[in-house]
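>>> I need the structure of the sequence given here:
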Amino acid sequence: MYVRGYLRASTKEQDASRAKNELIAFAKERGLNIVSFYVENESGASLQRPELFRLLSDCHEGDVLLVEQVDRLSRLNADDWNRLKAELQSRRVRVVALDLPTSWVMTSQSDDVTGRMMDALNSMMLDMLAAIARKDYEDRRRRQAQGIEKLKAAGGYRGRKPDDQRNAAIIAMLKNGQSWNSIIAATGCSRSTLSRLGQKMKGVGEINQVVDR
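I've put the predicted structure just below:
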């Protein structure tokens, strides 16, 4: 049985490795060693998480996926959570979360009957906490949208600040002739952002041509 630590934060501004020492301490108390950590800054509401699926591909039957909290693993909607859970079950990976004491027994060996009972209980508790994490995510999004609407009504909302550093890198990639798919894979930007920056770059080029004349 190998223990693999999963650390996630939603944005690049947040420290995804924040809980690393807590996971190490938890494993050490139980005489376990974490063989590797998988760290990424991606939304828990999305299944587009390369490091999570790299972890799963590295797992063998009976390995432990260790997380600080269930919401680090999932803020997914019901359909996506069921997809992820099916992946976990097909690989026979044990999910252990520091905020889910019923899962802690999964770090130790047990007889078949006890193991199956705890697995069933743990699955039920995971479902409940995943649903709570999703509700918290939706509640925060709704409050954020309400706050933006209030600011718009008061004339104080200016929108999200552009990521100038990322946009400059995207424009450089476009100038170098890189494909849209490769730029999206490298930066995580949307196709609409690419289109907007492409038009901006084209406009700057046209202005420069007029000046040159």
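
>>> in stretch 180-195, what's buried?
For stretch 180-195, a neighbour-count test (16 or more other Cβ atoms under 10 Å) marks 183, 187, 189, 193-194 as buried. C-beta here means a position set from N, CA and C on the backbone, and glycine is covered the same way.

>>> which one of the residues you listed sits closest to Q146?
Of all the buried residues of stretch 180-195, Q146 sits closest to T193, with 25.5 Å by Cβ to Cβ.

>>> Please tell me I have it right and the closest one contacts I170.
Yes - with contact defined as Cβ atoms under 8 Å, T193 reaches I170; the gap is 7.4 Å.

>>> Common neighbours of the two, please.
Here T193 and I170 have no joint contacts, going by Cβ atoms under 8 Å, 6 or more residues apart in numbering.

>>> Roughly how far does the most centrally placed residue in the chain sit from R8?
Computing the C-alpha centroid of the chain and ranking residues by Cα atoms, centre = their mean puts E42 first, at 3.3 Å. Remark: distance between E42 and R8 (Cβ to Cβ, to the nearest Å) = 6 Å.

>>> Which residues are in contact with each of these two?
Common neighbours of E42 and R8 (Cβ under 8 Å, 6+ apart) are 49, 51.

>>> Low-confidence regions, this structure specifically.
109-115, 117-118, 156-162, 202-213 (pLDDT under 70).

>>> Just list what the longest helix along it packs against, helices and strands only.
Assignment by DSSP state H gives helix 112-153 as the longest helix of the chain. Under the contact criterion of 3 or more Cβ pairs under 8 Å, 6 or more residues apart in numbering; DSSP states H and E, helix 112-153 touches helix 70-73, helix 78-90, strand 94-97.
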